[in-house]
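Engineer: Predicted coordinates and the sequence they were generated for:
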Amino acid sequence: MRRVLSGKREHKVFLLAACVAFACCLCLGACAVQQSELSTTGDAPMASETDAGTAILSPHAWKDQYPNQYASYIDAGYETYDDRQPDAHGKVNTFFSATHFSNMTPETGCMRCHTSEFSSLVKEHGDGLFAMDFTDFRRQVTVGVTCYSCHGNNPGELTPANTWVIDAAKRGGIETDEKNLVCAQCHALPDWGTIMDNPDPSSWSMLQFGLDADAYWEHYEASGNENPIVPAEEMEFNSFVGSIMEKAGATCVDCHMPKAQSDDGTMYSVHIFKGPDCNEELYENCLGCHTDSTVEQRKAAVEEVKADYETRRAPAQAAVDELASAIERAGNSVDASKVEQATVLLNKATFYLNYGSDWGSGIHNMGNPNNVDCFEDAIAFAEEGTALLA
């Protein structure tokens, strides 16, 4: 995880940030089929019920109908997590194994991204789910992140299982391809405080306030949250929507799922959900728009964007770090009220730094008007706090 918090603030959010870090590659989506089409061979699929009574099935259910998608999904490590697979993307098995977060409670909302069942569990248990002992809670979960999270039971279609994301985007006036909302289920900033306190899913997504950083801060401030958690991997949708690439019609899938041809000549989407830095085959996807460029030229363009991003971000990080250090140095030598004011400014500066940051080092938020001034705002708030303590 990119370190975008400084000083003592890292310690305040470490546990929760660790939880959400596992959500950074949610958009799993090996294609699904209707329950009547299930294969009777191979491993028996696990099944659960959504609040609409629709079966949520294990990815094993689709391995015979969609072997290529299934194989790439397994190769990516999304199926399981244990100590023997340190590089796997832990989903629900992270919690079952008791290797991580064994003392955490459901109030963290982590399961919203770690199981396709979360909505139905909230509906079934209501407030009781959030008050439940964590060990008891995880026993209620029978599936991890399945094909259903991205496809429902319609092969080849992209539909968010967490429909509150769609509702929130509409309330926030956000217009984008619904394919992107599939990824927004876990890669758009949630309102963590509300998830912890309110079992109503319609209140969980910050997308209900649009995409403007000022609107987000005003909401946090009004709700008494002066130290909001803004992990970069939970900001990719916020970074991307409104960017040059999104306005040109690109979707998350276009850049994170390469096309491949199987031995029998069938074309399929590889379910690995990595970026071009991790899989150079993805540079071929750029040909859909960048028809006159070579792979090497595309690589050079990406590196140029990253370098520019780091150049713009570094002064903001430095200003935030300086204010954090000034607060630590102040001790009892500075009036307590000034230290308190400076701490509020540190929280605000850190929020704008984080909101402007991009897990893709500037690739997602190129030309995004919602992010362009965030680093300058972070610098201004940080310098104001530092001057207050001088």
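Structural biologist: Alright, I've got the coordinates.

Engineer: Quick check: closest non-adjacent residue to Asp277.
Structural biologist: Val302 (7.7 Å; CB to CB, 6 or more residues apart in numbering). Every residue, glycine included, has its C-beta placed from N, CA and C.

Engineer: Could you do Glu284 as well?
Structural biologist: Excluding the flanking residues, the one nearest Glu284 by CB to CB, 6+ apart is Pro258, at 6.7 Å.

Engineer: rewinding a little: roughly how far is the helix or strand harbouring the residue nearest to Asp277 from the heart of the chain?
Structural biologist: Counting by DSSP states H and E, the element that carries Val302 is helix 295-330. Averaged C-alpha coordinates place helix 295-330 at 21 Å from its chain's average position (CA atoms, centre = their mean, to the nearest Å).

Engineer: tell me the pLDDT at Pro231?
Structural biologist: At Pro231, the pLDDT value in this model is 78.

Engineer: That one and Tyr70, how far apart?
Structural biologist: Separation of Pro231 from Tyr70 (CB to CB, to the nearest Å): 30 Å.

Engineer: Pull out the buried residues from stretch 248-263.
Structural biologist: Residues of stretch 248-263 classed as buried: Ala250, Thr251, Cys252, Val253, Asp254, Cys255, His256, Met257, Pro258 (neighbour count, 16 or more other CB atoms under 10 Å).

Engineer: I misspoke; the intended subject was stretch 371-384.
Structural biologist: Within stretch 371-384, the residues scored as buried using 16+ other CB under 10 Å are Asn371, Cys374, Phe375, Asp377, Ala378, Ile379, Ala380, Phe381, Ala382, Glu384.

Engineer: Repeat that for stretch 237-245.
Structural biologist: For stretch 237-245, a neighbour-count test (16+ other CB under 10 Å) marks Phe237, Asn238, Ser239, Phe240, Val241, Gly242, Ser243, Met245 as buried.

Engineer: Who are the packing partners of the host helix or strand of the first one?
Structural biologist: Assigned by DSSP H and E, Phe237 falls within helix 236-240. Counting contacts by 3 or more CB pairs under 8 Å, 6 or more residues apart in numbering; DSSP states H and E, helix 236-240 packs against helix 178-187.

Engineer: cutoff 10 Å now
Structural biologist: Here helix 236-240 touches helix 178-187, helix 244-247, helix 252-256, helix 336-356, going by 3 or more CB pairs under 10 Å, 6 or more residues apart in numbering; DSSP states H and E.
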